[in-house]
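Engineer: pasted the sequence and its predicted model underneath.
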Amino acid sequence: MLVAPRRFAPSPTDAQSAKAENDPLYAAYALVLIMGMREGEVLGLPDEAINFETSELDISWQLQRVQKKLLHRQTKTPTSDDTMPLIDIVTTALKLRLERRGRDKEKADAWLDSGLVFTTEHGTPIEPRNFLRSWARRCRKAGVRYITVHDGRRSCGSLLADLDVHPRVAMRILRHAQFAVTMEIYTEISSEQTRAALKKLGDSLQ
């Protein structure tokens, strides 16, 4: 997964360890940490959401278990715009995932074509609780402190803040409905940033 920003992060090391070990969910971890996607958005990502020609990803579906039912539903409203640009590392991860799914399909005795990017070895949707177990296992294997998938998404916001990305841009990436939610992450200033600011102030007074 990606170096730990502040208190939220498993590092980009987690995703790296997943790639090195050929973890079938490597691309899922990358989507959480790099694209700031929610767990349900990752698990509900359909094939048609990926456009490699235009390097875009349509994040408008979710897979959720509600009252013992696994529901795949569209969350996009007529006024929303959930199409995000793809960067090279994510594009590569998604292509590796689709190649892995193709191999699973060839080996499977019976394959259920769910149309989802992330599936079990038999093509069925991945149970959210099983994804959470895989996430926790990956944290252990990578040797990083366990955090929830939600905090993994917040790590994306923390990384953007550390890189001085404008909060309005971060709001677009994280698809927050309210600017205040983005600023909650952006105002969690690290000790390194505080030290740098104080040094800059001190230097200016010499």
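Structural biologist: Perfect, thanks for sending it. Just so we're clear, the structure is a prediction, and the values are computed from it rather than from any experiment.
Engineer: can you map out the helices along the protein?
Structural biologist: 12-20, 26-35, 39-43, 88-107, 128-142, 149-162, 167-174, 179-186, 191-204 (DSSP state H).
Engineer: just the buried positions in the fourth one, please.
Structural biologist: Spelled out, it's helix 88-107. 90, 93-94, 96-97, 100-101, 104 (16 or more other Cβ atoms under 10 Å). To be clear about C-beta, it is placed using only N, CA and C from the backbone, and glycine gets the same treatment.
Engineer: residue 164: which of those is nearest?
Structural biologist: Comparing those against residue 164 with Cβ to Cβ places residue 90 closest, at 21.2 Å.
Engineer: just checking, the closest one touches residue 28?
Structural biologist: No: Residue 90 is beyond contact range of residue 28, at 11.0 Å (criterion: Cβ atoms under 8 Å).
Engineer: and the closest residue to residue 65 other than its chain neighbours, how close does it get to residue 41?
Structural biologist: When the adjacent residues along the chain are set aside, residue 65 lies closest to residue 128, with 5.6 Å between them (Cβ to Cβ, 6 or more residues apart in numbering). Taken as Cβ to Cβ, to the nearest Å, the spacing of residue 128 relative to residue 41 amounts to 12 Å.
Engineer: go on, residue 176?
Structural biologist: On the measure of Cβ to Cβ, residue 176 and residue 41 end up 14 Å apart.
Engineer: do residue 141 as well
Structural biologist: In terms of Cβ to Cβ, residue 141 sits 24 Å off from residue 41.
Engineer: same question, residue 199
Structural biologist: 40 Å.
Engineer: now swap in residue 96 and tell me
Structural biologist: Counting by Cβ to Cβ, the gap from residue 96 to residue 41 is 19 Å.
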